[in-house]
Every structure is written in structure tokens, then in C-alpha cells.
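Peer 1: whatever this is, show me its structure:
(one chain, ligands or ions: 1)
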Amino acid sequence: MRLNKYLALCGVGSRRRCDELIESGQVFVNGQVATLGLDVSDNDDIVVNGNKISATNDKVYYVLNKPKGCVTTLKDDRGRQTVIDIFNQAYSKQFKNKNIPKVFPVGRLDYNTQGLLLLTNDGDFANSLMHPNKKVNKTYRAVVYPKLSTQDIVTLQNGVIIDNIKTLPCFVKVTKDLNNKQIVEITISQGRNRQVRKMFESIGKFVDDLERVAIGSFVLKDLARGQIREISPKERELLYR
Ligand code: URA
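Peer 2: Sure thing, here's the model as predicted:
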């Protein structure tokens, strides 16, 4: 991962601030003055202004059942609630008297998308799940209208053009017929901007409600909306696979 991104994820400052620190020679990687554009991992010894950066210690892994109406960023310049606000509130309630760990979200869910969101302070873990080359499956449950035909399903599965680029093959299954809508499960291996909504829109369908229900074979289980739980090492291994 790029050094400036890594430092920002460790809470050193914004990426621009981290660039300034690197450019002014205040960052050392493995004893050498760092340069912009350097790639680092958790195994590197990183020192900023004489302080060792400690994202490598005490790695933590949580899953949040994200509610609608919050942004998946660390801060929002429009003052909207963030998933970090939700995490901190849930943590104080659920893990009383423990210091709240500093985490960042793994990937993104839209403001109005709910469901499974991972939070960690482990940059390598996040990278291994989100890197486009890894093609990790993500499953969403969407309430869609008007109803899909069999041909629509085939079209979506083969890939549709969104933002001028064809989507990779995916898996689509109608799980329930409602009055004039359907509940559809869609599993995609990419993480493009508003991908699920745009895919349906490309064939003239609309998403009423969107929830992420799985990443690979990792599921929310019975975690209530707005609640967090720690991910066990065994579950983490499942995610790595
Ligand atoms: N696809 C979307 O359209 N939105 C999300 O939040 C995630 C995937």
C-alpha cells in the first residue's frame, strides 16, 4: 500500500498532510528517509517525527450492520453521520469501559445502503479484500421494480455497460415475488461506484432497498442493525480465503 495512504489509515493525518510529512523528510521506513510513492506493508518499520507508527499492534476486526443514512467515510464535510460515529456509539454501548479502537471501513456502502460492513485497523487485511484483482464476491439483497424477466437475469449475469465499461459476469437470483416488486440476490466480484443500482438502472429497473448480506461466505448472522461484533480469527481466515 502507498505510504501516504498507510499513514492516513493509521491516523497520522489526511493524505495531503502525510505527503507533506514525507516530503519534508520526517518519515523513515526501515531506517531510511522515505520518499513519496513508496509502497509499505505492516512488516515495515515506520517512524514519523521520531514516533513509531503502530497500526501493526493490536489489530482489530469488526463487522457492523450498517443502517441507512450514514456515510462510509472517516469524516463528512457536510456534517452527516458516518459509519465511524455509529461504530463508536455501538462500541461504547457494547464494550463498556474499554477504549474505543481507531478503525476504518473496508470498502464502501452508499448512504442509503445497509448491511454488512467490515471495520479494521489492518491495512493489509483491507487491501486483500478490496483490491480489484482479488475479485472477492459480495452479495446484495435488492428490492427491485418493475419485475425482472428471465432475459433480464441473463443480461445482468453476462454483464451490462455502466459508466462506459462492461461489468464482469455475476450471479442473479429472484428469491421472492412481491406485488409489483421482487427481492433479488445479486453476487458481484467488483466494487464499482453504485454498481448494483447502476446495473439494474441499465436495464430499466430500480432498486428500492439495498442491503449487503455477505462478503465471500462471511455473513451478518443475527447482528442487529447499528450493532457491531468482533470477527473471530477463524472467520477472518474464511475471509482471506
Ligand atoms: N452497489 C450499490 O449500488 N451500492 C452500494 O452501496 C453497494 C453496491
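
Peer 1: next secondary structure element downstream of the helix or strand containing Val174?
Peer 2: According to DSSP states H and E, Val174 maps onto strand 171-177. Next along the chain after strand 171-177, taking DSSP H and E as the criterion, comes strand 182-188.

Peer 1: parallel or antiparallel, list what pairs with that next one.
Peer 2: For strand 182-188, the paired strands and their directions (DSSP bridges) read strand 138-145 (antiparallel), strand 171-177 (antiparallel).

Peer 1: output the longest one as CSV, nothing but the C-alphas.
Peer 2: The C-alpha trace of strand 138-145 is given here as CSV (Å, rounded to 0.1, in the frame of the first residue of the first chain):
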residue,chain,number,x,y,z
LYS,A,138,-20.1,-9.5,-2.4
THR,A,139,-23.8,-10.5,-2.2
TYR,A,140,-26.6,-7.9,-2.0
ARG,A,141,-30.3,-8.3,-1.4
ALA,A,142,-32.2,-5.7,-3.5
VAL,A,143,-35.9,-4.9,-3.7
VAL,A,144,-36.3,-4.2,-7.4
TYR,A,145,-39.1,-2.9,-9.6
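
Peer 1: report the buried residues of it.
Peer 2: By neighbour count with 16 or more other CB atoms under 10 Å, strand 138-145 contains the buried residues 138-144. C-beta here means a position set from N, CA and C on the backbone, and glycine is covered the same way.

Peer 1: run through the residues that contact the nearest residue to Arg2 once chain neighbours are set aside.
Peer 2: Closest residue in space to Arg2, ignoring its immediate chain neighbours: Asp39 at 6.2 Å, by CB to CB, 6 or more residues apart in numbering. Remark: with contacts taken as CB atoms under 8 Å, 6 or more residues apart in numbering, Asp39 is in contact with 1-3.

Peer 1: can you pick the most crowded of those?
Peer 2: Ranked by the number of neighbours (other CB atoms under 10 Å), these place Leu3 first, at 22 neighbours.

Peer 1: ok, that residue - contacts?
Peer 2: Here Leu3 is in contact with 18, 22, 27, 29, 34, 36-40, 46 (criterion: CB under 8 Å, 6+ apart).

Peer 1: does stretch 150-164 reach the ligand?
Peer 2: No: using CB under 6 Å from any ligand atom, stretch 150-164 stays clear of the ligand, with a minimum separation of 9.8 Å.
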